[in-house]
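S.K.: return a 3D structure for these sequence lines:
(one chain, ligands or ions: 1)
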Amino acid sequence: MNPKLLFWVPAVLRTAIILGVCTLLGWLFGWVEGLVLALAAMMVMVFTQLSYLFQLSNWLEDPQSAKLPDGWGAWTSIFSRLYKMRREDEKNQAELTEWLARFRQAMHLLPDGVVIMDDVLFLEWCNPAAEKHLGLTHERDKGMRVTNLVRNPDFMDYIILGRYEQPLTISFRDRKLIVQIIPFENRRQILVTHDATETERIEEMRRDFIANASHELRTPLTVIVGFLEIAASEGLDAATRSSHLKLMTEQGHRMQHLIEDMLTLSRLESVDYPLRAEPVDVKRLVDQVQRDADALSAGRHVVTMSVDGPDVMGSYEELHSAFGNLASNAVRYTPAGGQIHLSWKTSDSGAKFTVDDTGIGISPEHISRLTERFYRVDKSRSRETQGTGLGLAIVKHVLLRHSSTLKIKSEAGKGSSFIVCMPKSALVLPQIELQLH
Ligand code: ADP
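M.R.: Numbering: from 1, shown residues only. Below is the predicted model of the structure:
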């Protein structure tokens with residue numbers, strides 16, 4: 001039925017019934033009594049309406065659906081409709097609160113910084129990542145101008161020029177940040193910050209690696225090309241030609257070593273090349289490393305070894321390359337007449353492979369950088385001894401793949417100890433056979 005009729009018909013009917021009853025009573029007991037009765041009935045009706053109005057106004061102070069009063073007559077429908085509206089509101093509000101909580105949580109977990117500012121760059125809100133990137137504190141800095149908080153000339157220029165369609169890279173508080181302003185709504189802007197310090201570091205390492213590798217390859221190549229040009233232009237006697245050929249072969253080998261080491265490093269770093277662990281016979285491995293070292297030394301050093309520890313799980317080939325690099329370094333950086341000792345023994349945390357030498361040693365300031373690619377204490381000495389500058393970087397990567405670490409102890413002029421520490425989890429412990437009688 002029409003809602004207007006639904007409201008008016010019962011109200012008019014009720015009033016008509018009350019007035020009808022009063023008229024009947026007036027006809028039976030006298031008109032004056034009837035009139036008084038009608039007035040009294042009207043007063044009761046007015047008072048009832050006022051009382052519901054009062055309850056409604058009270059409820060509006062704290063409009064919770066659970067506290068809505070019951071009504072009579074037309075008020076029943078008013079209150080029930082108010083109840084429905086209020087319930088709907090409460091449901092929407094609960095959903096909104098839940099969404100807001102989820103949004104806040106997401107913003108808290110976001111690795112990128114988000115700052116909400118008004119149109120004149122006054123800070124309204126920021127997430128923890130933005131606090132970390134820009135050194136802000138939401139509670140303290142709220143309402144302050146972001147340009148007063150982020151004092152960086154490039155950032156200022158970016159804001160003055162207003163070319164927000166492009167992100168900007170700035171150096172701020174020892175970080176490389178990529179920032180971008182995105183205008184939204186009519187009078188608000190979002191500042192997004194992304195910490196690119198790590199990416200930038202990796203990119204720099206990549207650039208350095210390419211520059212170093214190109215430089216390392218260019219040197220022998222220049223020598224080879226030089227000799228080839230001489231060979232093409234002049235009639236060389238047999239002795240000079242053979243000496244040139246010998247030098248060219250040496251440079252060719254140097255390039256070959258370098259490329260092999262670069263390929264080994266890239267393979268060790270590749271995720272597509274997982275470690276295939278198998279039991280490694282350490283005695284056989286150290287024996288082979290000693291024989292290689294002896295061959296490289298060609299009788300110039302005394303190379304000894306001792307093996308007193310368990311076998312390990314790992315890759316024979318990779319461990320041979322790591323242990324072999326350490327032993328060959330010992331030979332190459334120990335003057336003739338020196339001693340080199342290789343040892344494998346158990347330790348508190350697992351087992352250790354140590355290479356001790358009585359060589360030239362290393363000053364303390366170089367030690368932490370030795371495993372960097374192409375880092376050498378003395379470049380010319382490394383080249384003289386066929387060094388590629390990648391040996392210890394390869395050792396580091398092999399050990400990483402075997403959950404092991406490298407310790408270096410050295411004293412300039414006295415000698416060095418390179419110690420590979422392998423954890424207990426990598427050891428192949430002897431099986432205890434249980435005999436049941
Ligand atoms: P390289 O091919 O130049 O030997 P490595 O990565 O194997 O490259 O070693 C890096 C540098 O560490 C070497 O250039 C050398 O200066 C130093 N080094 C490594 N092992 C020894 C050692 N046993 N004694 C002295 N210096 C060493």
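
S.K.: quick one: Phe122 and Met144 touch, right?
M.R.: Yes. With contacts counted by C-beta atoms under 8 Å, Phe122 reaches Met144, the gap being 6.8 Å. C-betas here are computed from N, CA, C, even on glycine.

S.K.: can you tell me, leaving aside adjacent residues, what's nearest to the residue of the stretch 1-150 of the chain found nearest the ligand?
M.R.: When distances are taken as C-beta to the nearest ligand atom, the stretch 1-150 of the chain reaches nearest to the ligand at Pro111, 34.5 Å away. Nearest non-adjacent residue to Pro111, counting by C-beta to C-beta, 6 or more residues apart in numbering: Ala129, 5.9 Å away.

S.K.: check Asp112 too.
M.R.: Spatially, and ignoring its direct neighbours in sequence, Asp112 is nearest to His194 (5.0 Å; C-beta to C-beta, 6+ apart).

S.K.: helix, strand or coil for the residue nearest in space to the middle of the chain?
M.R.: Among the residues of the chain, Pro111 comes closest to the average C-alpha position under C-alpha atoms, centre = their mean, at 7.8 Å. Three-state call for Pro111 (DSSP: H, G, I helix; E, B strand; the rest coil): coil.

S.K.: pLDDT score assigned to it?
M.R.: At Pro111, the model reports a pLDDT of 94.

S.K.: A strand includes Ile408, no?
M.R.: Yes. Under three-state DSSP, Ile408 falls within a strand.

S.K.: near the ligand, which residues of the chain? Just list them.
M.R.: Counting by C-beta under 6 Å from any ligand atom, the chain comes close to the ligand at 325, 329-330, 333, 357, 359-362, 370, 375-378, 382, 387-393, 416.

S.K.: tell me which helix or strand the residue lying closest to His397 once chain neighbours are set aside sits in.
M.R.: The shortest distance from His397 to any non-neighbouring residue, by C-beta to C-beta, 6+ apart, is to Leu268 (4.0 Å). Leu268 is located in helix 238-269, with elements delineated by DSSP states H and E.

S.K.: what does Phe418 give?
M.R.: Judged by DSSP H and E, Phe418 forms part of strand 415-423.

S.K.: neighbouring strands of the helix or strand that comes right after that strand in the sheet, and parallel or not?
M.R.: Using DSSP H and E, the helix or strand that follows strand 415-423 towards the C-terminus is strand 427-428. Sheet pairing of strand 427-428 (DSSP bridges) gives strand 311-314 (antiparallel).

S.K.: identify all contacting residues around the partner strand.
M.R.: Residues outside strand 311-314 that contact it (C-beta atoms under 8 Å, 6 or more residues apart in numbering): 275, 277-282, 319, 351, 402, 422, 426-428.

S.K.: stretch 143-156 too?
M.R.: Counting by C-beta under 8 Å, 6+ apart, 115, 117, 120-123, 134-136, 141, 159, 168, 170-172, 179, 191 sit against stretch 143-156.

S.K.: next, the buried residues of that stretch.
M.R.: Across stretch 143-156, burial judged by 16 or more other C-beta atoms under 10 Å covers 146-147, 149-150, 152, 155.

S.K.: same question, stretch 368-388
M.R.: Across stretch 368-388, burial judged by 16+ other C-beta under 10 Å covers 370-377, 382-383, 387-388.

S.K.: still on that earlier bit, buried subset of the contacts of strand 311-314, written for PyMOL?
M.R.: The buried residues among the contacts of strand 311-314 can be selected in PyMOL (16+ other C-beta under 10 Å) with this line:
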select buried, resi 280+282+319+351+402+422+426+427
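
S.K.: which single one of the contacts of strand 311-314 is nearest to the ligand?
M.R.: So of the contacts of strand 311-314, ranked by how close each gets to the ligand (C-beta to the nearest ligand atom), first place is Leu319, at 16.2 Å.

S.K.: so what pLDDT did His437 get?
M.R.: 47.

S.K.: related to what we said a few turns ago, can you redo the buried residues of stretch 368-388 as a markdown table with pLDDT and secondary structure?
M.R.: Putting the buried residues of stretch 368-388 into a markdown table (pLDDT from 0 to 100; DSSP: H, G, I helix; E, B strand; the rest coil) gives the following:
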| residue | pLDDT | secondary structure |
| --- | --- | --- |
| Leu370 | 96 | coil |
| Thr371 | 95 | coil |
| Glu372 | 93 | coil |
| Arg373 | 92 | coil |
| Phe374 | 92 | coil |
| Tyr375 | 93 | coil |
| Arg376 | 91 | coil |
| Val377 | 92 | coil |
| Ser382 | 79 | helix |
| Arg383 | 77 | helix |
| Gly387 | 87 | coil |
| Thr388 | 90 | coil |
